[in-house]
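Trainee: curious how this folds, go ahead:
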Amino acid sequence: MTQCSAKTRYLVTQPELHQFIECCMGAVGAQSSHGSALADVLVEADYRGHYSHGLNRLDMYLRDLKTGICAKDGEPTVGKCTVATALVNGNNLIGPIVGNFCMELAIKKAKEVGIGWVSAYGSNHYGIAAFYSMQAVKCGLIGMSCTNTSPLVVPTRAKQCTLGTNPISVAAPALDGDSFVLDMATSAVALGKIELQHRRGEKIPEGWGCDPNGKNTTDPASILCGGGLLPLGGSEATSGYKGYGLSMMVEMFCGILSGAHYSKNIRCWKETDLVADLGQCFLAIDPECFAPGFKSRMSDLLKMHRDLEPSEPGLCVLTPGDPERQHIAECEQHGAIPYHVSVVDHMNSVARELGVKLLPTNHTINP
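Mentor: All right, here's what the predicted structure looks like:
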């Protein structure tokens with residue numbers, strides 16, 4: 001194994017990463033197109049800087065398929081349907097297959113009647129929510145996507161996890177390829193960020209999570225072993241109840257509206273003896289059905305905020321989607337995606353068990 005300093009990062013190109021994920025998925029019996037769809041989502045997550053939902057998450061999908069608790073092949077099916085809405089059965093397939101199917105359907109309806117709202121049940125973890133909302137933007141539409149997840153979040157004033165990180169993404173087109181891309185968990189952070197800090201042996205900021213007694217903690221192990229994540233905002237004193245409310249809103253759109261499992265009825269995180277039956281929501285809106293000049297005004301709004309005088313010299317004001325653009329620029333500069341060595345080493349250990357060619361570790365940087 002390559003000897004690396006604490007600051008060393010491995011560089012992996014997108015084609016290398018994509019092929020690695022496809023090979024791992026094939027090794028556990030996944031349909032070829034499903035492996036490719038998952039690779040698309042995970043590579044995009046890391047390319048945009050959302051490391052908690054990229055390669056770091058691959059072993060979860062592999063485990064679900066290997067145990068047979070998640071379907072290895074098939075396609076989603078449409079149940080109820082109107083000109084603007086649809087209810088989709090994900091048939092227990094991996095989330096990206098369900099998500100792509102539903103977003104494509106929502107976009108089709110939006111192009112025909114101005115709006116498309118698709119709810120899905122029987123789905124699984126689908127990666128970053130923005131992967132789906134951005135599909136609408138590519139078609140000149142406003143997109144939204146959200147999903148419920150395993151109960152990982154402790155509601156304000158409680159000790160028990162009853163809600164998921166329940167992420168939501170809204171994306172909208174602007175001029176010249178620019179866009180607004182909001183992609184956020186309704187918890188203070190995604191669980192993957194806690195896992196990454198734990199894997200690195202580092203503490204977390206106060207307000208990210210609580211111990212088994214519902215008290216704030218900076219120890220990631222305390223959160224992962226009986227504690228839970230806090231809602232967006234942290235404690236009640238810092239308005240965590242707002243994140244709690246947003247999480248319940250996502251639950252309403254995803255679990256309740258679709259008839260999927262919801263709240264603490266969803267299987268616990270990393271359980272493989274129960275079907276997940278996640279609920280998800282996909283929305284596409286044609287802005288041309290409203291006031292003319294949407295993209296122009298959207299560009300003006302983005303510029304208005306990017307041009308604000310920063311409170312700290314050198315730290316420019318960003319709009320949703322800008323941090324991801326900065327990370328993409330960094331990846332382009334390196335010609336590859338930089339990874340913490342522990343993430344690549346962990347996935348290579350999984351690859352050895354599957355008999356899959358390892359990710360390369362010969363290209364490194366030391367920031």
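Trainee: show me the strands in the stretch 201-350 of the chain, by range?
Mentor: Here the stretch 201-350 of the chain has its strands, by DSSP state E, counting those that start in this stretch, at 209-210, 216-217, 228-229, 278-285, 337-340.
Trainee: so can I have a markdown table of these showing distance to residue 271 and mean neighbour count?
Mentor: Placement of C-beta: from N, CA and C, glycine included. Below are those laid out as a markdown table (distance: least, Cβ to Cβ, whole Å; neighbours: other Cβ atoms under 10 Å):
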| stretch | distance to residue 271 | mean neighbour count |
| --- | --- | --- |
| strand 209-210 | 20 | 26 |
| strand 216-217 | 23 | 17 |
| strand 228-229 | 16 | 27 |
| strand 278-285 | 13 | 28 |
| strand 337-340 | 27 | 22 |
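Trainee: export these to JSON lines and append columns for mean pLDDT and distance to residue 134.
Mentor: As requested, the strands of the stretch 201-350 of the chain are arranged in JSON lines below (pLDDT from 0 to 100; distance: least, Cβ to Cβ, whole Å):
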{"stretch": "strand 209-210", "mean pLDDT": "95", "distance to residue 134": "29"}
{"stretch": "strand 216-217", "mean pLDDT": "92", "distance to residue 134": "34"}
{"stretch": "strand 228-229", "mean pLDDT": "96", "distance to residue 134": "25"}
{"stretch": "strand 278-285", "mean pLDDT": "98", "distance to residue 134": "11"}
{"stretch": "strand 337-340", "mean pLDDT": "95", "distance to residue 134": "18"}
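Trainee: out of those, which comes closest to residue 61?
Mentor: strand 278-285 (13.2 Å; Cβ to Cβ).
Trainee: which parts of the host helix or strand of residue 34 are buried?
Mentor: If you go by DSSP states H and E, residue 34 is part of helix 32-47. Using 16 or more other Cβ atoms under 10 Å as the test for burial, helix 32-47 gives 34-47.
Trainee: gap between it and the chain center?
Mentor: Taking Cα atoms, centre = their mean, to the nearest Å, the mean C-alpha location of helix 32-47 is offset from the chain mean by 12 Å.
Trainee: list the helices and strands it packs on?
Mentor: Secondary-structure packing of helix 32-47 (3 or more Cβ pairs under 8 Å, 6 or more residues apart in numbering; DSSP states H and E): helix 14-27, helix 58-67, helix 95-113, helix 130-137, helix 322-334, strand 337-340.
Trainee: need the CA coordinates for it. PDB is fine.
Mentor: Taking Å, rounded to 0.1, in the frame of the first residue of the first chain, the C-alpha atoms of helix 32-47 are listed here in PDB:
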ATOM      1  CA  SER A  32     -25.600  -3.500 -16.400                       C
ATOM      2  CA  SER A  33     -27.700  -0.500 -17.000                       C
ATOM      3  CA  HIS A  34     -28.400  -0.200 -13.300                       C
ATOM      4  CA  GLY A  35     -24.700  -0.200 -12.500                       C
ATOM      5  CA  SER A  36     -24.100   2.500 -15.100                       C
ATOM      6  CA  ALA A  37     -27.000   4.600 -13.600                       C
ATOM      7  CA  LEU A  38     -25.600   4.400 -10.100                       C
ATOM      8  CA  ALA A  39     -22.100   5.300 -11.400                       C
ATOM      9  CA  ASP A  40     -23.500   8.400 -13.000                       C
ATOM     10  CA  VAL A  41     -25.000   9.600  -9.700                       C
ATOM     11  CA  LEU A  42     -22.000   8.700  -7.500                       C
ATOM     12  CA  VAL A  43     -19.400  10.200  -9.800                       C
ATOM     13  CA  GLU A  44     -21.500  13.400 -10.100                       C
ATOM     14  CA  ALA A  45     -21.700  13.700  -6.300                       C
ATOM     15  CA  ASP A  46     -18.000  13.600  -5.900                       C
ATOM     16  CA  TYR A  47     -17.300  15.800  -8.900                       C
END
